[in-house]
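Undergrad: sequence first, then the predicted structure:
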Amino acid sequence: MSTPGIDLPSLGQTVALKEKVYSALRDAITKMDIYSGDDPPKLDERFLAETLGVSRTPIREALSRLEQEGLVEMIPRRGAFVVRKTKEEILDVITAWAAIEGMAARLAAENASAEQLGQLRRLFVTFTGDRKPAANIDEYSDTNIEFHQLIISLSGSELLQKLADTLFVHMRAIRTKTIAERDRASRSIIDHMHIIEAIENKDADLAERLAREHCFGLADHIKEYADYLK
């Protein structure tokens, strides 16, 4: 039995096998389209073990660790499933992310170098002129995710990055799911440009407010249109 939608490398036997299996599974789950389909994605132990080239023991250990992190649910006699959060839970995640990313934008405005800020601009170079985000939605979706990760990174705060990492799987999944809905891509790039300008101008108050408002815009969209969330 296979696990649709999961992309895994073959690991082979290594000294740090447990950690590599865990990292491979976590990375794969991060890239999955969690909120498409009617049911949460199932993680088949046999398929995972065969694909990674390991026994089932490190797979089970990794799944147990991922369950403790809230990313996997082990259901007796049914197996392991990627956790899909409810609409209310997703809104809570977005609220927490808004606080983290808002502070990250403030710190980026206060501390990031011109060279670092240039990275933000370069992300969107390919979406200028006639090349609209909505017409290149898969590529823009990846850029959108990278933008938000980079804002967190430019904060220079390891703690903020760790906090964001605990929310990233579901933030990435819901952003990927919603970016093509109701022309959100076009509005998204406008928001991003305003955030970048505020950071470049060292306007920490404005950068923080715009980053938070951008997140709450996603929350408003989910409240109104995300009927696929329970």
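TA: Thanks, I have the structure now.
Undergrad: which strands or helices does the longest helix seen in the chain pack on?
TA: Counting residues, the longest helix found in the chain (DSSP state H) is helix 87-111. Judged by 3 or more Cβ pairs under 8 Å, 6 or more residues apart in numbering; DSSP states H and E, helix 87-111 is in contact with helix 137-154, helix 158-178, helix 184-200, helix 204-225. For the C-beta atoms, the positions are set from N, CA and C on the backbone; glycine is no exception.
Undergrad: what distance separates it from the centre of its chain?
TA: 13 Å (Cα atoms, centre = their mean, to the nearest Å).
Undergrad: other residues contacting it?
TA: Residues outside helix 87-111 that contact it (Cβ atoms under 8 Å, 6 or more residues apart in numbering): 85, 116-117, 148, 151-152, 154-157, 160, 163-164, 167, 170-171, 174, 195, 198-199, 201-205, 207-212, 215-216, 218-219, 222-223, 226, 229-230.
Undergrad: orientation of that helix relative to helix 158-178 in degrees?
TA: 130 degrees (axes from the mean of the first three to the mean of the last three Cα atoms, to 10 degrees).
Undergrad: which element is Glu73 on?
TA: Element membership for Glu73, per DSSP states H and E: strand 72-75.
Undergrad: just to revisit the earlier point, got TSV for the helices and strands packed on helix 87-111, with mean pLDDT too?
TA: Converted to TSV, the helices and strands packed on helix 87-111 look like this (pLDDT from 0 to 100):
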stretch	mean pLDDT
helix 137-154	95
helix 158-178	95
helix 184-200	95
helix 204-225	97
